[in-house]
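1. Quick one, what's the 3D model for this:
(one chain, ligands or ions: 1)
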Amino acid sequence: MRTNYKDDFPLLKNSTAGGKPLVYLDNAATTQKPAQVIEAVKEYYEQYNANPHRGAYPLSEKATEVYEAAREKAAEFIGADSPEEIVFTKGTTESLNLVASSYGLDNIREGDEILISIEEHHSNLIPWQAVAKTRNARLRYLYTDENGKLPLEEISAKINARTKIVAVTQVSNVLGIVNPLGEIVRRAREVGAVVVLDAAQSIPHMPVDVRALDVDFLAFSGHKLYAPTGIGVLYGKKEHLRKMQPLLFGGGMVDDVSEQDATFAEGPSKFEGGTQNVEGAVGLHAAIDYLEGIGYERIGQIESELTQYALTRFHSIPHVTVYGKESGNNRAGIISFNIDGAHPHDVSTILSADNVAIRSGHHCAHPLMRHMGVNATCRVSLCFYNTRDDIDILIESICKVREVLGLELK
Ligand SMILES: Cc1ncc(COP(=O)(O)O)c(CN[C@@H]2CONC2=O)c1O
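-> Numbers count the residues shown, from 1 in each chain. Coordinates of the predicted model:
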């Protein structure tokens, strides 16, 4: 059985610095792209680039065909009832802003409650702050416990008759822990609340089935899923999308326009004003094909084993704090840590001298940082193309940090 996928990724094959191979461990920020995706985009521009939906000539018809084929593929990938439930956006941020500013503003009234978690990325937090302020509604939080988990009692306590929207991440981009979505959805259904799921950090690592999850909306980004930047998906149940107002007005999203009014197209194109990112959609289609070729079972095996290996190695290093106590099989390969006496930015700079790429900072999760009692963390985020050698080089480099900073080692 294949254990090393780096050769599928040109950048990983060719990138060295000072004779050292790149150890890329910032996959929660963005993933590298397999040759299959790069070739698909290249072929699009070499063979059938045109503006879709508008030209009555073969090239435009082909561009339309591949754009809509990508929509069908995305629908199938997440188990949507139909491609009509798939809106292409720039990414998770645009998807979540669309839900908040369209569905949220139309359905939240004074005194209603919107419930999010303290783990949310700013793109699933600030839009809900804006809706709550505009509608004089209450924004409430599910708080993680000392282990970085959302306690079930917190979920049942915070979801009540006034809760109209529950918007949560399936996996935190800081802690990596998989949230108890089944319980959240069950409780939300009891009070008739709508569930918005941020799947940006889960869908690269685990199968997502919107019908099985029974969520009303789901958002993810192509670039975290080995596809190009600039393409993302908002899944929405048809009954919601049909009633929602578009966010961007322009070409391709209208039925008729008079001097003082406009009627909008049916289906997802209502939300896709202007010339769309066809190359991104083509790349997303190729990325999904690539992932399905490997299979989530194999991806999960590799990543769970590697995450557990990394956690075991981390726990052997003195002066290192790892946040979140979950083990490798209930955690996407995201590990946030700090080294006593070392600022995260210094740590990532020192590691980069060994060509090890990790993230340091607040990860667009200021409220979570405060809740954790830290200003910032270092973050390792691995995926199936990483290897045990990558982890060994990472740990070896981390072990040098305190010495480089002149801190006592014991
Ligand atoms: C959980 C989560 N939601 C939403 C987003 C926003 O995605 P887009 O930037 O694609 O719209 C991110 C981005 N993750 C950030 C990006 O860099 N590092 C991170 O952890 C995220 O991790």
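
2. check contacts around residue 106.
-> Residues near residue 106 by C-beta atoms under 8 Å, 6 or more residues apart in numbering: 243-245. Every residue, glycine included, has its C-beta placed from N, CA and C.

3. Parallel or antiparallel, list what pairs with the host helix or strand of residue 234.
-> Using DSSP states H and E, residue 234 maps to strand 232-236. Strand 232-236 sits in its sheet next to strand 86-89 (antiparallel), strand 217-221 (antiparallel), going by DSSP bridges.

4. got a list of contacts for it?
-> By C-beta under 8 Å, 6+ apart, strand 232-236 touches 74, 78, 80, 85-96, 98-99, 103, 210, 215-222, 244, 271, 284.

5. near the ligand too, which of those?
-> 91-93, 221 (C-beta under 6 Å from any ligand atom).

6. This structure against the ligand: which residues are in contact?
-> Residues of the chain lying near the ligand (C-beta under 6 Å from any ligand atom): 28-29, 91-93, 121, 123-124, 169, 173, 198, 200-201, 221, 223, 359, 363-364.

7. Could I get the full set of strands for the stretch 1-150 of the chain?
-> In the stretch 1-150 of the chain, the strands defined using DSSP state E, counting those that start in this stretch lie at 16-17, 20-21, 23-24, 86-89, 113-117, 138-142.

8. among these, which gets the worst mean confidence?
-> Lowest mean pLDDT within these: strand 16-17, at a mean of 88.

9. Which other helices and strands does that one contact?
-> Contact partners of strand 16-17 among helices and strands, from 3 or more C-beta pairs under 8 Å, 6 or more residues apart in numbering; DSSP states H and E: none.

10. Adjacent strands (with direction) for that strand?
-> Here, using DSSP bridges, strand 16-17 pairs with strand 20-21 (antiparallel).

11. Looking at residue 55 now. What's its pLDDT?
-> So, for residue 55, pLDDT stands at 83.

12. Spell out which residues make up each domain of the chain.
-> 6-30+295-404, 37-292 (automatic domain parsing).

13. Now the terminal residues of the shortest one, how far apart.
-> Distance between the boundary residues of domain 6-30+295-404 (C-alpha to C-alpha, to the nearest Å) amounts to 30 Å.

14. residues near the residue in the stretch 301-410 of the chain that the ligand sits nearest to, how many?
-> As assessed by C-beta to the nearest ligand atom, the ligand sits closest to residue 363 within the stretch 301-410 of the chain, at 4.9 Å. The number of residues packed near residue 363 is 23, by other C-beta atoms under 10 Å.

15. Am I right that it sits in a strand?
-> No - secondary structure of residue 363 (DSSP: H, G, I helix; E, B strand; the rest coil): coil, not part of a strand.

16. ok but residue 383 is inside a helix, no?
-> No - according to three-state DSSP, residue 383 belongs to no helix; its state is coil.

17. contacting residues for residue 50?
-> 57, 59-60, 62-63.

18. of those, closest to residue 12?
-> Set against residue 12, the nearest of the contacts of residue 50 by C-beta to C-beta is residue 63 (30.7 Å).

19. Show the contacting residues for the closest one.
-> Residue 63 neighbours (C-beta under 8 Å, 6+ apart): 48-52, 55, 278.

20. switch to 10 Å and redo it
-> Contacts for residue 63 (C-beta atoms under 10 Å, 6 or more residues apart in numbering) come out as 44, 48-55, 276, 278-279, 281-282.

21. separation between it and residue 254?
-> 20 Å (C-beta to C-beta, to the nearest Å).

22. Provide a ChimeraX selection command restricted to the buried entries of the contacts of residue 106.
-> Selection of the buried residues among those in ChimeraX, burial being defined by 16 or more other C-beta atoms under 10 Å:
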select :244
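
23. Let me know the closest of the contacts of residue 106 to the ligand.
-> residue 244 (19.4 Å).

24. Settle this for me: residue 138 is touching residue 109, isn't it.
-> No - if you go by C-beta atoms under 10 Å, residue 138 and residue 109 don't touch, sitting 11.3 Å apart.

25. ok, those two, which is more surrounded?
-> The neighbour comparison of residue 138 against residue 109 (other C-beta under 10 Å) goes to residue 138, with 15 against 9.
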